[in-house]
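S.K.: below is the sequence, then the predicted model.
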Protein chains: 2
Amino acid sequence: MNPRNGLNFSGGPGALPDSVLQQVQEAILCVPEVGLSILGISHRSDWFAAVVTELENNIRTLLELPRGYHVLFLQGGATQQFSTVPMVLLHGKKFPAEYVHSGYWSGKALSEAQRGGGIRVLWSGEECGYRRLARDDELPFSPDAPYIHYVSNETVEGLQFHRVLGRDDVPRVCDMSSDFLSKPCEADRFSLIYAHAQKNIGPAGVTVVIVRESLLEHMPDHLPGFLDYRNHARTHSNFNTPPVFAIYVVLLVTRWLMKEVGGVVRMDQINREKAELLYGLLDRSDGFYCSRAHLEDRSRMNVVFTLATADAQQRFLAEAQAAGFSGLAGHRAIGGVRASIYNALTLSAVEQLAGFMEDFQHRQHRHTRC
Amino acid sequence: MNPRNGLNFSGGPGALPDSVLQQVQEAILCVPEVGLSILGISHRSDWFAAVVTELENNIRTLLELPRGYHVLFLQGGATQQFSTVPMVLLHGKKFPAEYVHSGYWSGKALSEAQRGGGIRVLWSGEECGYRRLARDDELPFSPDAPYIHYVSNETVEGLQFHRVLGRDDVPRVCDMSSDFLSKPCEADRFSLIYAHAQKNIGPAGVTVVIVRESLLEHMPDHLPGFLDYRNHARTHSNFNTPPVFAIYVVLLVTRWLMKEVGGVVRMDQINREKAELLYGLLDRSDGFYCSRAHLEDRSRMNVVFTLATADAQQRFLAEAQAAGFSGLAGHRAIGGVRASIYNALTLSAVEQLAGFMEDFQHRQHRHTRC
């Protein structure tokens, strides 16, 4: 991190690696190979075509993606995909698509999908207050569903599926916005993966869509052009002017992930270490800090917890902010505290937060249990 | 311009002012007021809310926009608006919307609108090879149309309407992507204006939509959430994660326009001077350079011309590129030469190009007329 800067523990947009920021900073004035600012380079230039090609290839390499997939870079965030997926995949189907409602974001995906009808909620975490995820025996996926949809990591509640859901004979669609490229994900078991950039891989403004080619064979023809994945696939994400800058930053992040980190297996090890450090601290805090999620479903991206009293929590957040730990307030939907520890948030930064948390606990006169 | 850099005469993404690039460069490492990189600041932060408020206000001030309009910052480019406009405004209407087909981009808007039916092409420039625009007596706008649509400046052909089209009793919708904030535009005569950023006001990845509040009263309810202007209006462009970086850059450009340039009237004077310099040179070139557009419809943003022979043209483009004049090749749809001279391309840069063009002409052994 830049020494002047705070540490970004927010739910997103997340931190980016220092080495990436330095390269971006240079590119703002001039990309040396082109002699122009990155903000003014044509999306039709050979240079930008090479950027997209390299980025597509990097993602294929990082995910060990087999042939038969398109890798697209779109606008509109995951929210646009919430609407696009059913428009594309439900058209003319007689059985409903099956959605797992595991938290805030899968709820948003569900609401958008339900506008068109033809959706079945297979399981909802509402009854358990979204403190745990569905077990396999609670998920009776049907072989007739046109697709299943779930969110791999719920940032608000701090829940993460540590396995692939669904059946191999039904197309899997997954919103991986908040854990994409944070670990291996068995990408070849999915028909469609989407992930906005602003957690682990770049700035807000670009969304990666990985779609199996065979899924595009039976698309409806009446879709607006910008929602038709085939247009973006055919043009390598140059159907209309793409967000050149955001795509370039994502390229730099994938280079960092491959060359400096050493790939997603290594990234996963680091992310586990970061998460274990914080969860271990919560578990050893004698009830001073309480983890929200059940043990087996804890997210390695978003560590969500509460303090015993509203007063202690308020003081904790204020002191943390003053000490340079930025964005720790929980999502406005549920409150509490959330430490988001995406790829670029270093182990050292997490250690600093853990040190602060231990110190804060010790400084309290009476340790109240929650 | 940065001395290492070429001069960006491309059709877009266009150049940005040096002073803006310097501020952006600093913000990449750290926005001082926040202590975080601009790429990792929360879109829910007070700081970003203030960015959006100031930007909305700057645009209202620059355009002298009266009350009763929303100013939105969306993703998806003008292309997304090509589809959204008829989805929003044609719903349940019995008369067709009227489109003016003046060139490449209005043709794109038309194609997307025609997917849903209910469109009438009021005039097409096809017969005249898109070398001139419609005269008023060729545009029999109907009082029954739910809206009229046109593109104020055609970047490919270098054509620009120097007046407002349509009738005051029918909502005007205008794609101003390529001349937005380059001059006063009588914004209060329009019901909906849209403009992507990447010509005059910022990087690719954000689109300004200015929409009259009364237009939103009769919108259909079945639209996907991200296409419903009301969601974006209600949340001040924070319905889902907006492109924080691109919006921030647009804010800096509007500050530059207000404080360094002195507003859109002054900007218009400078842009006229730039355009007159180049058109004057074409007209005095004794047929060596031939302007494509008819005199009265010439664009002040895109000066499109040809040279007498394909060979001379090829040499011209190669030598210009080598001399640091970047992006002068005409659009792939029609070829030729195009000097795009958006707001941030300085008079000095245009003078340098004019000098190069005169020199190139003098260096030719035989002056062939086209």
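M.R.: Structure's in. What do you need? Numbering: from 1, shown residues only, chains lettered A, B, ... in the order given.
S.K.: can you give me the strands in chain A?
M.R.: Secondary structure of chain A (DSSP state E): strands located at A:7-8, A:69-74, A:97-101, A:119-124, A:148-151, A:153-154, A:159-160, A:172-175, A:192-196, A:207-212, A:289-291, A:302-307, A:325-326, A:337-340.
S.K.: all helices of chain A, in order?
M.R.: Listed in chain order, the helices of chain A (DSSP state H) span A:18-29, A:46-63, A:77-89, A:104-114, A:229-234, A:244-255, A:264-283, A:310-322, A:347-363.
S.K.: can you redo the ones you listed as TSV with mean neighbour count?
M.R.: In short, each C-beta sits where N, CA and C put it, glycine included. Shown next, in TSV, are the helices of chain A (neighbours: other Cβ atoms under 10 Å in any protein chain shown):
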stretch	mean neighbour count
helix A:18-29	20
helix A:46-63	17
helix A:77-89	23
helix A:104-114	20
helix A:229-234	18
helix A:244-255	25
helix A:264-283	17
helix A:310-322	15
helix A:347-363	16
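S.K.: make a markdown table from the ones you listed and add distance to B:Gln361 to it.
M.R.: A markdown table is the format used below for these (distance: least, Cβ to Cβ, whole Å):
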| stretch | distance to B:Gln361 |
| --- | --- |
| helix A:18-29 | 33 |
| helix A:46-63 | 29 |
| helix A:77-89 | 50 |
| helix A:104-114 | 58 |
| helix A:229-234 | 41 |
| helix A:244-255 | 34 |
| helix A:264-283 | 57 |
| helix A:310-322 | 64 |
| helix A:347-363 | 61 |
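S.K.: out of the ones you listed, nearest to A:Ser291?
M.R.: helix A:264-283 (4.7 Å; Cβ to Cβ).
S.K.: now the strands of chain A in CSV, with mean neighbour count, mean pLDDT and distance to chain B?
M.R.: Output for the strands of chain A, formatted as CSV (neighbours: other Cβ atoms under 10 Å in any protein chain shown; pLDDT from 0 to 100; distance: least, Cβ to the nearest Cβ, whole Å):
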stretch, mean neighbour count, mean pLDDT, distance to chain B
strand A:7-8, 25, 95, 5
strand A:69-74, 23, 98, 9
strand A:97-101, 24, 98, 16
strand A:119-124, 18, 98, 14
strand A:148-151, 26, 98, 14
strand A:153-154, 27, 98, 16
strand A:159-160, 26, 98, 20
strand A:172-175, 25, 98, 13
strand A:192-196, 26, 98, 7
strand A:207-212, 23, 98, 9
strand A:289-291, 21, 96, 23
strand A:302-307, 26, 98, 14
strand A:325-326, 22, 96, 6
strand A:337-340, 24, 98, 10
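S.K.: A:His236 is nearest to which of those strands?
M.R.: Nearest to A:His236, of the strands of chain A and by Cβ to Cβ, is strand A:69-74 at 8.4 Å.
S.K.: follow-up on the earlier one: chain B: which of the helices of chain A is closest?
M.R.: For chain B, the closest of those is helix A:77-89, at 3.4 Å, according to Cβ to the nearest Cβ.
S.K.: ok so, going back, CSV please, covering the helices of chain A and showing mean pLDDT and distance to B:Gly77.
M.R.: Below are the helices of chain A laid out as CSV (pLDDT from 0 to 100; distance: least, Cβ to Cβ, whole Å):
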stretch, mean pLDDT, distance to B:Gly77
helix A:18-29, 97, 22
helix A:46-63, 98, 15
helix A:77-89, 96, 13
helix A:104-114, 97, 21
helix A:229-234, 97, 12
helix A:244-255, 98, 12
helix A:264-283, 98, 32
helix A:310-322, 96, 37
helix A:347-363, 97, 36
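S.K.: which one of the ones you listed lies closest to B:Gly280?
M.R.: Short answer: helix A:18-29, nearest of the helices of chain A by Cβ to Cβ, at 32.7 Å.
S.K.: returning to what we had before: B:Ile270: which of the helices of chain A is closest?
M.R.: helix A:18-29 (23.3 Å).
S.K.: which elements pack onto that closest one?
M.R.: helix A:244-255, helix B:18-29 (3 or more Cβ pairs under 8 Å, 6 or more residues apart in numbering or on different chains; DSSP states H and E).
S.K.: for the first one, output the C-alpha coordinates as CSV.
M.R.: Read it as helix A:244-255. Extracted as CSV, the C-alpha positions of helix A:244-255 are listed here (Å, rounded to 0.1, in the frame of the first residue of the first chain):
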residue,chain,number,x,y,z
VAL,A,244,-10.8,0.4,-22.4
PHE,A,245,-9.3,1.7,-19.2
ALA,A,246,-11.0,-0.8,-16.9
ILE,A,247,-10.1,-3.7,-19.2
TYR,A,248,-6.5,-2.6,-19.2
VAL,A,249,-6.4,-2.5,-15.4
VAL,A,250,-7.8,-6.0,-15.3
LEU,A,251,-5.1,-7.2,-17.6
LEU,A,252,-2.5,-5.8,-15.3
VAL,A,253,-4.1,-7.5,-12.3
THR,A,254,-4.0,-10.9,-14.1
ARG,A,255,-0.4,-10.4,-15.0
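S.K.: model confidence score at A:Thr368, please.
M.R.: For A:Thr368, the pLDDT comes out at 55.
S.K.: how is chain A divided into domains?
M.R.: A:18-261, A:263-363 (automatic domain parsing).
S.K.: A:Ala97 pairs with what?
M.R.: A:Ile119 (DSSP bridges).
S.K.: residues contacting it?
M.R.: For A:Ala97, the contact set (Cβ atoms under 8 Å, 6 or more residues apart in numbering or on different chains) comprises A:86, A:89-90, A:113, A:118-120, A:145-149.
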